[in-house]
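[1] Prediction below, plus the sequence it came from.
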Amino acid sequence: MGQAIAHAFAAAGHPIQLAARGAAGLDTVQTDLALRHGVDVTLHEFDVLDSNGFGGFVDGLPALPGVAVSVVGYMGEQAENEQDQAQAALMMRTNFEGPAGILALLANRFEARGSGTLVGVSSVAGDRGRATNYVYGSAKAGFTAFLSGLRNRLAKKGVHVVTVLPGFVNTAMTEGLDLPEKLTAEPSEVGAAVVKAVQKGRNVIYVRRIWWLVMAIIRNIPEPVFKKLKL
Ligand SMILES: NC(=O)c1ccc[n+]([C@@H]2O[C@H](COP(=O)([O-])OP(=O)(O)OC[C@H]3O[C@@H](n4cnc5c(N)ncnc54)[C@H](OP(=O)(O)O)[C@@H]3O)[C@@H](O)[C@H]2O)c1
């Protein structure tokens with residue numbers, strides 16, 4: 001999804017700073033982005049679990065970006081998360097603590113500059129805790145609430161915050177899962193939706209709008225009924 005978002009921004013003329021673990025291995029992605037869209041593309045080593053490195057990471061960028069997108073995430077297995085505390089903690093740090101930490105730092109830099117857009121890729125899994133996915137979902141719920149608060153804080157400071165709730169997307173994370181076609185987006189759809197949301201100043205987007213309805217229904221099932229369902 002991250003690469004598709006990068007392509008969508010590059011196609012709209014934005015220079016790209018790609019941050020990842022093992023960033024040097026993204027050299028072919030870098031070349032492809034630069035050749036296809038004619039924009040500058042740089043690679044930056046980044047581990048969302050290494051909060052001590054966040055300051056050095058931001059200071060090492062060629063320029064403070066106009067738009068920063070946090071796409072990092074990790075789903076793992078719910079059954080394993082229920083039994084293994086370390087695994088559950090890794091999930092929470094990767095989906096909530098880390099992304100919130102790096103966006104908090106960028107938020108302060110953007111606020112000082114008086115401009116910029118922060119984008120957080122969260123999940124509909126954060127809209128309500130469900131038996132089959134609540135460890136991942138609770139971390140995303142935390143991230144969604146964090147983004148909401150950040151947006152509220154920075155609304156009058158020239159800094160905009162977009163929350164992206166992708167629904168199902170065909171990526172490495174969902175490989176092997178039998179996903180319903182109508183509810184499943186392609187990464188390129190997410191890329192286009194994110195660029196549009198940034199350009200139009202949207203606050204919260206469900207990439208496929210049907211997910212808004214699905215989650216509105218799930219959120220409104222009364223708890224006595226909900227606890228008897230296995231969703
Ligand atoms: N696919 C879906 O259906 C779906 C639905 C809703 C939300 N999402 C969210 O969308 C985002 C993108 O997911 P995806 O579907 O594109 O899955 P993905 O291909 O597994 O992407 C997750 C990315 O996070 C990176 N990452 C994990 N731990 C990291 C760390 N400690 N430091 C830096 N990077 C790290 C991974 O990098 P490595 O290559 O180094 O592991 C990978 O590039 C995630 O936040 C995910 O939770 C996905």
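    Okay, I see it. Keep in mind that this is a model prediction, so the values were computed, not measured.
[2] Against the ligand, how distant is E45?
    9 Å (C-beta to the nearest ligand atom, to the nearest Å). Quick note: C-beta positions are derived from backbone N, CA and C, even for glycine.
[3] Please, which helix or strand holds whichever residue of the chain sits closest to the ligand?
    Nearest residue of the chain to the ligand, counting by C-beta to the nearest ligand atom: G73, 2.2 Å away. G73 belongs to no helix or strand when assigned by DSSP states H and E.
[4] That one: neighbour count?
    24 (other C-beta atoms under 10 Å).
[5] ok, now which ones touch the closest residue to it other than its chain neighbours?
    Of all residues not flanking G73 in the chain, N95 sits nearest, at 5.3 Å (C-beta to C-beta, 6 or more residues apart in numbering). The contact partners of N95, by C-beta atoms under 8 Å, 6 or more residues apart in numbering, come to V72, G73, Y74, Y136, A139, K140, G142, F143.
[6] rerun at 6 Å
    The contact partners of N95, taken as C-beta atoms under 6 Å, 6 or more residues apart in numbering, are G73, A139, K140.
[7] who are the neighbours in contact with the last one?
    If a contact means C-beta under 6 Å, 6+ apart, then K140 has N95, S122, S123, A125, G126 as its contacts.
[8] which residues of the protein fall in helices?
    Secondary structure of the chain (DSSP state H): helices at 2-11, 27-37, 54-59, 78-83, 85-92, 98-113, 134-154, 187-200, 210-220, 223-226.
[9] Dump the longest one to CSV, keeping only the CA atoms.
    What it means is helix 134-154. Provided in CSV are the C-alpha atoms of helix 134-154 (Å, rounded to 0.1, in the frame of the first residue of the first chain):
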residue,chain,number,x,y,z
TYR,A,134,-9.3,-7.2,18.8
VAL,A,135,-5.6,-6.9,19.6
TYR,A,136,-4.8,-5.4,16.2
GLY,A,137,-8.2,-3.6,16.3
SER,A,138,-7.5,-2.0,19.7
ALA,A,139,-4.1,-0.7,18.5
LYS,A,140,-5.7,0.8,15.4
ALA,A,141,-8.5,2.3,17.6
GLY,A,142,-5.8,4.0,19.7
PHE,A,143,-4.2,5.3,16.5
THR,A,144,-7.5,6.6,15.1
ALA,A,145,-8.3,8.4,18.4
PHE,A,146,-4.8,9.9,18.3
LEU,A,147,-5.3,11.2,14.8
SER,A,148,-8.6,12.7,15.7
GLY,A,149,-7.1,14.5,18.7
LEU,A,150,-4.2,15.7,16.6
ARG,A,151,-6.6,17.0,13.9
ASN,A,152,-8.6,18.8,16.6
ARG,A,153,-5.4,20.4,18.1
LEU,A,154,-3.9,21.5,14.8
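[10] got a pLDDT number for V124?
    With respect to pLDDT, V124 scores 98.
[11] ok, now K230?
    83.
[12] same thing with V58?
    Model confidence at V58 (pLDDT) stands at 98.
[13] Get me the contact residues on the chain for the ligand.
    1-2, 20-21, 46-49, 71-74, 94, 121, 123, 166, 168-169, 171-174 (C-beta under 6 Å from any ligand atom).
[14] swap the cut-off to 5 Å and go again
    Listed as neighbours of the ligand in the chain under the rule C-beta under 5 Å from any ligand atom: 1, 21, 47-49, 71-74, 94, 121, 123, 166, 168-169, 171-174.
[15] so of the residues you listed, which ones are in strands?
    Residues of these located in strands (DSSP state E): V121, F168, V169.
[16] Rebuild those as TSV, extending it with neighbour count.
    Written out in TSV, the entries for those read as follows (neighbours: other C-beta atoms under 10 Å):
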residue	neighbour count
V121	26
F168	20
V169	20
